[in-house]
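Novice: Here is my input, please return the structure:
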Amino acid sequence: MTTSVKYPCVKSCEIMQYYRYMDCNEIAVIIQRIKTLTYLKSWSIINHDKDILPSGEPKPSHFHAVLTFDNAKSIKTIADTIKVEPQFVSKIKTTTKSARLYHIHRNDPEKYQYDPTEVFASFDYINCVDDCPPKQ
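Specialist: As a prediction, the model looks like this:
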């Protein structure tokens with residue numbers, strides 16, 4: 001007997017994936033896939049290509065995305081649409097705002113501080129983070 005995995009449904013999620021495990025390495029392609037999701041309320045995404053590993057080596061390029069929906073959506077559906085494995089789509093553990101701040105590491109001062117203009121979003125991302133100064 002085969003058992004099927006039941007994937008939870010979420011109204012907001014975050015996605016992180018290394019490009020080397022994907023069929024593409026262009027953020028524009030990923031954005032197009034995101035935009036095809038039904039009930040999509042908002043989205044934001046950034047390419048991380050300046051992170052450094054503890055060894056001092058560059059971390060492989062990857063992206064972080066935050067998606068919100070008007071109606072709950074299956075993690076499996078989101079993963080299939082974006083073409084990542086479901087384990088790379090997770091329910092936001094803190095707040096949507098905090099997840100969006102992590103795009104630029106505003107809430108993690110030990111990491112490389114990305115410029116807010118590097119974030120692609122369906123809303124005014126810069127305005128969204130302007131009221132949150134970097135942590136010291």
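
Novice: Now do the same contact list for the residue nearest to residue 114 when sequence neighbours are not counted.
Specialist: Sequence neighbours aside, residue 104 is the residue nearest to residue 114 in space, at 4.2 Å (criterion: CB to CB, 6 or more residues apart in numbering). For every residue, glycine as well, the C-beta is placed using N, CA and C. Residues near residue 104 by CB atoms under 8 Å, 6 or more residues apart in numbering: 46, 113-116, 118-119, 129.

Novice: most surrounded residue in these?
Specialist: Among the contacts of residue 104, the one with the most neighbours (other CB atoms under 10 Å) is residue 46, at 24 neighbours.

Novice: partners of it in the sheet?
Specialist: Residue 46 has these beta-bridge partners by DSSP bridges: residue 64.

Novice: Isn't it up against residue 114?
Specialist: Yes. With contacts counted by CB atoms under 8 Å, residue 46 reaches residue 114, the gap being 6.3 Å.

Novice: Return every residue with contacts to both of the two.
Specialist: Taking CB under 8 Å, 6+ apart as the criterion, residue 46 and residue 114 both touch 103-104.
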